[in-house]
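Colleague: Sequence first, then the predicted structure:
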Amino acid sequence: MPGFLSGPLSGFVDRMKGKGLASSSFLQQIGKSAAQAAGSGNIAAIVSAGINPGSINNDNVLAAWLIPANIFDIVGRGLQVTAMGAVANNTNSKRIKIFAGCTTAVVGSPVTGGVLIADSGAYNTAGAAGFQIVAQIFKYGAGGSNTQIALHQAATIGAAVGSLIPPNPLTLNESAPWLLAVTGNAVTAVADIALNFGEVFATN
């Protein structure tokens, strides 16, 4: 019936035609259990045929994201960053890292500043191989206290499993945007590292 919905309800229906916005306080049932969980999902992702470092012998940015202010407003808010790609079939040294709170992070340029939160370690084994590196950041402490913990979850290139960095306290400014970056250090040739996928996944 034309004109049946008006005011706030009409706006709600318009949003439901596409994507709406749900409060972070909403919970959903897990299966048929009594357990409940807040929503989650990726807030940024890239997919590529292959992003190479812009130059050799430095921590060169392969992917970067500006994380919005207030994402760590209460205890338990979290982010997971995952990067996946490939390394070339040679014995040249290759290394992939993740940094949080960078001063600058421009794809194709060396990263500046920031805290190292994940590191694959140097890899120089012959044979083409895939890589995956994963880190998480979770909020602890009072709201607005700029207190987070970085957790290095995984670092694998081919069959080589890298050592994990110990949990690392961070002091990111929770009331301002900050930079998160994935880097690749190809010591000999830029084609030795290619990033195919990067994702920032947020949890409430």
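Modeller: In hand now; what should we look at?

Colleague: Wait, residue 106 touches residue 63, no?
Modeller: No - at 11.0 Å, residue 106 and residue 63 do not qualify as touching, with contact defined as CB atoms under 8 Å. To be clear about C-beta, it is placed using only N, CA and C from the backbone, and glycine gets the same treatment.

Colleague: Please identify which of the two sits among more neighbours.
Modeller: Neighbours were tallied for residue 106 and for residue 63 using other CB atoms under 10 Å; the higher tally belongs to residue 63 (25 against 15).

Colleague: In the sheet, which residues pair with the more buried one? Tell me.
Modeller: Going by DSSP bridges, residue 63 is paired in beta bridges with residue 182.

Colleague: contacting residues for it?
Modeller: Applying CB atoms under 8 Å, 6 or more residues apart in numbering, we find residue 63 in contact with 46, 51, 83, 107, 181-182, 195, 198.

Colleague: How about residue 185, nearest residue that isn't a chain neighbour?
Modeller: The spatial neighbour of residue 185 that comes closest, neighbours along the chain excluded (CB to CB, 6 or more residues apart in numbering), is residue 95 at 4.3 Å.

Colleague: my guess is that neighbour is in a strand, correct?
Modeller: Yes - assessed by DSSP: H, G, I helix; E, B strand; the rest coil, residue 95 belongs to a strand.

Colleague: Please tell me how far it sits from residue 66.
Modeller: Going from residue 95 to residue 66 by CB to CB, to the nearest Å gives 24 Å.

Colleague: Specify which residue of those two has the higher count of neighbours.
Modeller: The residue with more neighbours, out of residue 95 and residue 66, is residue 95; 22 against 12, by other CB under 10 Å.

Colleague: Is it correct that the more buried one is in contact with residue 188?
Modeller: No - the pair residue 95 / residue 188 is not scored as a contact, 12.0 Å apart, by CB under 8 Å.

Colleague: Please enumerate the helices of the protein.
Modeller: Listed in chain order, the helices found in the chain under DSSP state H are 8-17.

Colleague: Contact partners for the residue nearest to residue 39 when sequence neighbours are not counted?
Modeller: Beyond its immediate neighbours in the sequence, the residue positioned closest to residue 39 (CB to CB, 6+ apart) is residue 204, lying 5.5 Å away. Going by CB under 8 Å, 6+ apart, residue 204 touches 24, 38-40, 76-77.

Colleague: Buried ones from those residues, can you make that a PyMOL selection?
Modeller: Selection of buried members from the contacts of residue 204 for PyMOL, criterion 16 or more other CB atoms under 10 Å:
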select buried, resi 77
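
Colleague: May I ask which two of the contacts of residue 204 are separated the most?
Modeller: The most widely separated members of the contacts of residue 204 are 39 and 76, with 13.0 Å between them, by CB to CB.

Colleague: Please name the bridge partners of the most centrally placed residue in the chain.
Modeller: For the chain, residue 81 is the residue whose C-alpha lies nearest the centre (CA atoms, centre = their mean; 2.4 Å). Residue 81 has these beta-bridge partners by DSSP bridges: residue 135, residue 200.

Colleague: Please identify which of the contacts of residue 204 is nearest to residue 176.
Modeller: For the contacts of residue 204, the minimum distance to residue 176 (CB to CB) is 15.6 Å, reached by residue 77.
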